[in-house]
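Student: Here is my input, please return the structure:
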Amino acid sequence: MNLVSIRIITAQIDRLIPFYAEITQASIKQYTPDFAELKTKTATLAIGSTRTLQFFGGESVAQAGENHSAIIEFMVDDVEKEYERLSDFLQPYIVQKPTMMPWGNKSLLFRDPDGNLVNLFTPATSEAIQKFATDPHAAS
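Tutor: Below is the predicted model:
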């Protein structure tokens, strides 16, 4: 089994697409007015409007803006540089400025416009660096 995608369901697709494009500096392919994907080397972040829920059994299947248990994580080369680049843009969303975590990563935590928690992190200790060098899919 292979995890290939995480999908955010949103009532604000026109707000979330440019938000993630700014954060990642990646192009996001919008296939329809209701569905887009941000592809990385290891996984895809899909963004679907609430209108797509009809294909999964109806609107009660997922609730936009109600995520309080998952963190969307992006490994970056230098979290401090990303913080400098994004600090003005992220000001209303920041949860925690770059902070060293006990497991060896330096992490910047913020929320997207829907309230989803996002982590930009850089492996900082030799153990964390080695973990990601040998397994790029390792948890942050």
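
Student: wait, isn't residue 123 in contact with residue 134?
Tutor: No. Counting by C-beta atoms under 8 Å, residue 134 is not a contact partner of residue 123; they are 11.3 Å apart. C-beta coordinates here come from the backbone N, C-alpha and C atoms, glycine included.

Student: who has more neighbours, these two?
Tutor: residue 123 (20 against 8; other C-beta atoms under 10 Å).

Student: List the contacts of the more buried one.
Tutor: Listed by C-beta atoms under 8 Å, 6 or more residues apart in numbering, the contact set of residue 123 reads 75, 104, 105, 129, 131, 132.

Student: would you list every one of the strands in the protein?
Tutor: Secondary structure of the chain (DSSP state E): strands located at 5-10, 29-32, 35-39, 44-49, 71-75, 94-100, 105-111, 117-123.

Student: Let's have the contacts of residue 123 in JSON lines, adding pLDDT and neighbour count.
Tutor: Formatted as JSON lines, the contacts of residue 123 follow (pLDDT from 0 to 100; neighbours: other C-beta atoms under 10 Å):
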{"residue": "75", "pLDDT": "96", "neighbour count": "18"}
{"residue": "104", "pLDDT": "96", "neighbour count": "19"}
{"residue": "105", "pLDDT": "97", "neighbour count": "23"}
{"residue": "129", "pLDDT": "91", "neighbour count": "14"}
{"residue": "131", "pLDDT": "89", "neighbour count": "18"}
{"residue": "132", "pLDDT": "86", "neighbour count": "18"}
